[in-house]
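**Student:** Make a model of this:
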Amino acid sequence: MNLVLFDDPAIRAALLPITYTRSISDIRIGIMTIEEKWSTALNTKVNKLTEDYLQPLYQEDIKENSLYINASVCPTAELLEHIKKLKIGEGLIYQDLLVAVYSQKPILTPEEISKDINFQTIDLSETPIIIQNPWDIFLSTRRGIIEDFPIVTEGRESASLDDPHTVVYGKENVFIEEGASVRCAVINAETGPVYISKGARIHEGAIVRGTCFIGEGAHINMGAKIHEDCSFGPYCKIGGETGNAVMLGYSNKGHDGYLGNSVIGEWCNLGADTNTSNLKNNYGNVSIWSYVQEDLVSTGQMFCGLIMGDHSKAGINTMFNTGTVVGVAANIFGGGFPDKFIPSFSWENVNHSQQTALPEKIFDTAQKVMARRGKTLTETQQKILTEVYKRSEKYRKWDWGLD
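**Tutor:** The predicted structure follows:
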C-alpha cells in the first residue's frame, strides 16, 4: 500500500505558527508523531503531501492506487477498520471532515483530494484524536501517551532502574530504554505511563509524574517538577516547573520558571525565570491569536499558555500572558509582559517596540544553536525560513534590519 498523509490546507493554516516549518504529521501527540502512528498502524512507510514550499523536506512518492489520509487525524482500531475496507475511488468523511481517500489517480496537491471520489460518511463510537487547533496538541497529550505506550513497549523489556536513591511509584507503567540515566529522582507513574528514551537523563532531585514522554537525549534538570501530561521531544532540556506542556524537540527551558498548557516548537530557548500564565484571573476562556481570523479568538479553554514557533527565544524574566502566540524566529527580551501576538522574525522588548530580524541574521544564530546538537541548517531549511519571513511580513509593525 502506498500511504500518503496530506495536510488539509484549512487546518494547516489554523495550526500556524507550528506548521510554518513542518507538515502536520510531524507534530508529536504523546510518544509518537502522527506520521509514526500511521506508519506503525499500517506497517508501511509514509509519504507526505503538504504546501509547495515545505514539500522539499519530505519523501514524495505519489503514484497510482494510493491511500491518502488526513494528517490531522490519528489512527484508532475502529477507524483503521473503515479505512481497510475502502475501495479505489472511495473516501471517508467523519463529522464533516475528510479523513481518507483511496485514489487511482496520483494526487499532487492537497486541494485535489476531494475530486472524483465517492464519499461515505462514517460514525465512530469513539472520536479519534484530531488536531485542528494549536491547543489540541497539549489537550491530546495525555490520551496520546496512554494509547502509544502499549504499542511502543509491546514485546520489549524495560531497562532496570537500579539507582538506590530513586523512588518509583507504579513501576509497571514506567518504561526505560537502554542508555537512559535516572539519579536520585521521584517518578510517579500511578497517574499514567512514563516513557524514558535512550540517552535521556533525569537528574538529582527531579520529580516526574505520568503521563510523561521524555525523548532521546533529553535532560530533566536538577530539581525540576514535571506535572502530568507532558511530552518532551529529543534533546530538550527541562528545568523549573512544567505541566501539560509539549516541546517538539531541541528546545530548552533549562531554568526555574513555569511552563503550562503550552506548545513549544524546535530550537527554542526560554531564558531563566521565564513564566507562562495559563489561567486568567477571572477564570474565563482564554483568547488566542488566529492566523485564519487575523484576530483574537476564543479557545473555549480555561487553561492555555504559550504557543511558540521554531527558532524563537525569550530572554530572562519574560512573563508570557495567557494565550500568547509567538511566531517563528522571534526574539523577546527586556522582562515584563510582551504582546499576546509576536510576529515571526520580530524582536520585541518590554516597551512593546518591535524591530525586524532579517533572515540572514536568523540563519547565523540557528547555525550556532544547531551545531551544539551536531546539526546544521540546510539550504532547504533556509529557503523555508525565508518563505516564512515573506509570508509573515504583513504582521510586523516595523520593517528594518538589526545590526
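
**Student:** And for I264, the neighbour number?
**Tutor:** By other C-beta atoms under 10 Å, the residues close to I264 number 30. (Glycine included, C-beta is placed from N, CA and C.)

**Student:** secondary structure class for it?
**Tutor:** At I264 the chain is in strand, as set by DSSP: H, G, I helix; E, B strand; the rest coil.

**Student:** pLDDT weak spots in the chain?
**Tutor:** Per-residue confidence for the chain (pLDDT under 70) gives these ranges: 60, 350-353, 398-403.

**Student:** who touches the helix or strand harbouring G91?
**Tutor:** Element membership for G91, per DSSP states H and E: strand 90-94. Outside of strand 90-94, the residues that reach it under the criterion C-beta atoms under 8 Å, 6 or more residues apart in numbering are 73, 79, 82-83, 86, 98-102, 114, 117-124, 128.

**Student:** Now, of the residues you listed, which are buried?
**Tutor:** Buried residues within those, defined by neighbour count using 16 or more other C-beta atoms under 10 Å: 73, 79, 82-83, 86, 98-102, 117, 122, 128.

**Student:** Sort out for me which of the residues you listed are in strands.
**Tutor:** Judged by DSSP state E, the subset of these located in strands is 98-102.

**Student:** measure the nearest residue to S39 once chain neighbours are set aside to G215 for me?
**Tutor:** Closest residue to S39 in three dimensions, ignoring its sequence neighbours and counting by C-beta to C-beta, 6 or more residues apart in numbering: V46, at 4.9 Å. V46 sits 19 Å away from G215, taking C-beta to C-beta, to the nearest Å as the criterion.

**Student:** domains for this protein, by residue range?
**Tutor:** The chain breaks down into these domains under automatic domain parsing: 2-131, 136-345.

**Student:** start to end distance for the shortest one?
**Tutor:** Looking back up the chat, that one is domain 2-131. Separation of the first and last residues of domain 2-131 by C-alpha to C-alpha, to the nearest Å is 23 Å.

**Student:** re earlier: just name the closest of the buried ones among the contacts of strand 90-94 to I207, please.
**Tutor:** P128 (32.3 Å; C-beta to C-beta).

**Student:** quick one, strands of the stretch 1-150 of the chain?
**Tutor:** Residue ranges of the strands in the stretch 1-150 of the chain, as given by DSSP state E, counting those that start in this stretch, are 2-6, 28-29, 32-33, 46-49, 66-70, 90-94, 97-103, 118-121.

**Student:** rewinding a little: could I get the ones in strands among the buried ones among the contacts of strand 90-94 as JSON lines with distance to D310?
**Tutor:** Conversion of those to JSON lines gives the following (distance: C-beta to C-beta, whole Å):
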{"residue": "L98", "distance to D310": "28"}
{"residue": "V99", "distance to D310": "28"}
{"residue": "A100", "distance to D310": "29"}
{"residue": "V101", "distance to D310": "30"}
{"residue": "Y102", "distance to D310": "34"}
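
**Student:** Now stretch 10-26: buried residues?
**Tutor:** For stretch 10-26, using 16+ other C-beta under 10 Å, the buried residues are 11-12, 14-26.

**Student:** Which members of the residues you listed are the farthest-apart pair?
**Tutor:** Among the buried residues of stretch 10-26, the pair separated by the greatest distance (C-beta to C-beta) is P17 and S25, at 17.0 Å.

**Student:** Run a quick neighbour tally on G192.
**Tutor:** Using other C-beta under 10 Å, G192 has 18 neighbouring residues.
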